[in-house]
Structure formats: C-alpha cells, structure tokens
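Peer 1: After the sequence you'll find the predicted model.
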Amino acid sequence: MTKRSPSFLSIGECMVELAPAGEDEGLFRQGFAGDTFNAAWYARRLLPKDWQVAYGTCVGDDAVSRNMLSFMQAEGIDTQSVRRLQGQTVGLYMIHLDDGERSFSYWRGQSAARQLASDPDWLAEQIKGRSVVLFSGITMAILSPEHRQNLCAALSKARDAGTVVAFDTNLRPRLWSGPDEMRMGLIQGATVANVILPSFDEETALFGDPDPRATIDRYRGVGAELVVVKNGADPLTVWEKRSGNQSFESQRVEKVIDSTAAGDSFAAGLLAGLATGMGLAPSVRQATKVSAQVIQARGALADIKIPTGEEP
C-alpha cells in the first residue's frame, strides 16, 4: 500500500445492538455495533497507537446518540467525522442465534446514518487525506441513489489521490428494493475501491457465480487491485494485481458460538496488516486468526488476542 499519514476511516451506520446475554433466550445485552463500526473497533486494537482510527456517520441529538458517541470515544475511536442531526436518532437491531448462525431484526427507518452522504462537501472533507477508508454494501444500501453517488464520487477522488479504498460487499437484501438494485449498488461501490472483500455464498446467490474465480473476475473487471473472497470454513481465494491468484486456509475452530462480525473483524485484520506493511500473506493470516477468535464469543465486539508471528 502507498504510505500516507496514518489514518483509518470507516464509513457507515452504527446502531444500538441487542445481543443474547446467555442461555436465557429472553435476556439481551445492549451495546453499539454495525458492520463498518465493528471493523473500526477491531482496527483500533490492531493498528499502532500512532494511527488515528475514525468513524464517519450521522447520529441524532438524543440521549442514545450521545451515549453512542461516548462509547466510541471511550474505545479510542475518533468521532470528529460524526455529524449530529437535530431531532433524529440512531437505529437498533436484535441478534437471534441458531447453532452459532445469526439472523437479525432491525428498527432503522429513522436512522440519522441514512443522511451521511447528504452533504457532499462535508463528506469529501472527512475522506480527504486518509490512508485507508472502508465502506460496505450496507453503507451503500442505506443511502438514496443520489447520496450513493455523492459517496462514490468522494471515494473515487480520494483513491485517485492515493487513499486505499476498501469495499466489503456485505449483502443485506432487505435493505434494497430488489436484486437488480442490489447488483447495481454493489458494482457502483466496487468501481471506486482498490480492495474488495466479497463472501462467496452471497455472491453466488446474487450473481450466480459457480466458483470464487468468477467472483474475482467480476471485480477485476471494474478496477480492483486486490480481491479476497471469503468462503466460510473453506479456503479463501485471493487475487492481487501484482501476484495473481492465491489460496489460503481458513482458521479452524472447534465450535462457532456467534458468527456476528466475522467478516468485519476479518476486514480489520487484513487492512491493518496491509496498512502497516505486513505483506499480503501475513495480513490474510492475521485476518483469519482474528475472525476465528471473534466467532467463538458472543456479540459483535469480542476481546481478542492480537496475533503475532507467522505460525498457522
């Protein structure tokens, strides 16, 4: 990656999270989470202290919005790129678990984060000069078509100026009007990214990909320089512009407790490794180790041991 000032910005929606607190199905623990916020939270733990880790979004001016900002700040995440909107609030979601696999119920219709790209000048200023910027398919999905264009324009300009732009495709079909809009939105986001992080099961469901190579070919075709295709417990298929195709084993775990934030923590591990000069293979290994720890704990934000060394 091109060396820039050490700053990692994640853009999207942070929500109130209600996660199962234990075996009692009626007991939930409140927290704050969301795909790109989870990635920022893990990146803060993986990146050196001299790196700024920031979150870009909009929140309201109510008590829960203030509590969310206080939480971010306490966790070491810079909130100067959070815009406060009068009279608005944040979204909420509940996690349901079935043998470690999660499903969600959402209450996000009034979420202020839907306005994060409504002011293109403000948005461009937040992105300008960053070393790494991460956004996702969910980031795209919550925005109107006009605001998606604002976001992509700002990201494209930043990429041209040397910022590494990473796109985690992260599909949530219920956030889109239908498959056609979702396909268009994903390709629109992918065209402004250097690094693309798709999940094969989602890609084959939406695009009909027969294998991970087909996923890679699609994103190579829109200008990606690095594509990392996640595939659950199966090996990862990776294509890099400089070195071509590679395969990496996933990190095996005895029991999956909660798969929430598996991909988010993977993105943080990979991008943190690349940003600090670890190289592709060590960065992928770091990402798989972090993700393996996360799926063995409950909730989106789990205590992790920072991976060290080259052991598999």
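Peer 2: Yes, it's here.
Peer 1: Name the residues of the helix or strand of the chain with the lowest mean pLDDT that are buried.
Peer 2: Scoring the helices and strands of the chain by mean pLDDT, DSSP states H and E places strand 101-107 at the bottom, with a mean of 79. Residues of strand 101-107 classed as buried under the neighbour-count rule (16 or more other C-beta atoms under 10 Å) are residue 102. C-beta here means a position set from N, CA and C on the backbone, and glycine is covered the same way.
Peer 1: Direction included, what does that strand pair against?
Peer 2: Partner strands and pairing direction for strand 101-107 (DSSP bridges) are strand 92-98 (antiparallel).
Peer 1: Go through the partner strand and flag the buried ones.
Peer 2: In strand 92-98, counting by 16+ other C-beta under 10 Å, buried: 92-93, 95, 97.
Peer 1: How about stretch 160-176?
Peer 2: So for stretch 160-176, counting by 16+ other C-beta under 10 Å, buried means 163-172, 175-176.
Peer 1: tell me the mean pLDDT over that stretch?
Peer 2: In this model, stretch 160-176 has an average pLDDT of 96.
Peer 1: coming back round to it: want to try JSON lines for the buried residues of strand 92-98, with distance to residue 152 and pLDDT as columns?
Peer 2: Formatted as JSON lines, the buried residues of strand 92-98 follow (distance: C-beta to C-beta, whole Å; pLDDT from 0 to 100):
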{"residue": "92", "distance to residue 152": "28", "pLDDT": "93"}
{"residue": "93", "distance to residue 152": "25", "pLDDT": "86"}
{"residue": "95", "distance to residue 152": "30", "pLDDT": "78"}
{"residue": "97", "distance to residue 152": "35", "pLDDT": "71"}
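Peer 1: Out of these, which comes closest to residue 8?
Peer 2: Within the buried residues of strand 92-98, the smallest distance to residue 8 is 24.1 Å, found for residue 93 (C-beta to C-beta).
Peer 1: and stretch 232-239, how far out from the chain's middle?
Peer 2: 18 Å (C-alpha atoms, centre = their mean, to the nearest Å).
Peer 1: buried residues in it?
Peer 2: Residues of stretch 232-239 classed as buried by neighbour count (16+ other C-beta under 10 Å): 236-239.
Peer 1: How about stretch 283-298?
Peer 2: Going by neighbour count (16+ other C-beta under 10 Å), the buried part of stretch 283-298 is 283-295, 298.
Peer 1: Filter these down to just the ones in helices.
Peer 2: Secondary-structure check on the buried residues of stretch 283-298 using DSSP state H: residues within helices are 283-294.
Peer 1: Show me the shaky parts of the chain.
Peer 2: Within the chain, the segments meeting pLDDT under 70 span 1-5, 22-25, 99-101, 308-312.
Peer 1: can you pull out the strands in it?
Peer 2: In order along the chain, the chain carries the following strands (DSSP state E): 7-11, 15-20, 28-33, 52-59, 82-84, 92-98, 101-107, 132-136, 164-168, 195-197, 226-229, 236-240, 244-248.
Peer 1: tell me which strands and helices the fourth one is in contact with?
Peer 2: With contacts taken as 3 or more C-beta pairs under 8 Å, 6 or more residues apart in numbering; DSSP states H and E, strand 52-59 sits against strand 7-11, helix 35-46, helix 63-74, strand 82-84, helix 120-127.
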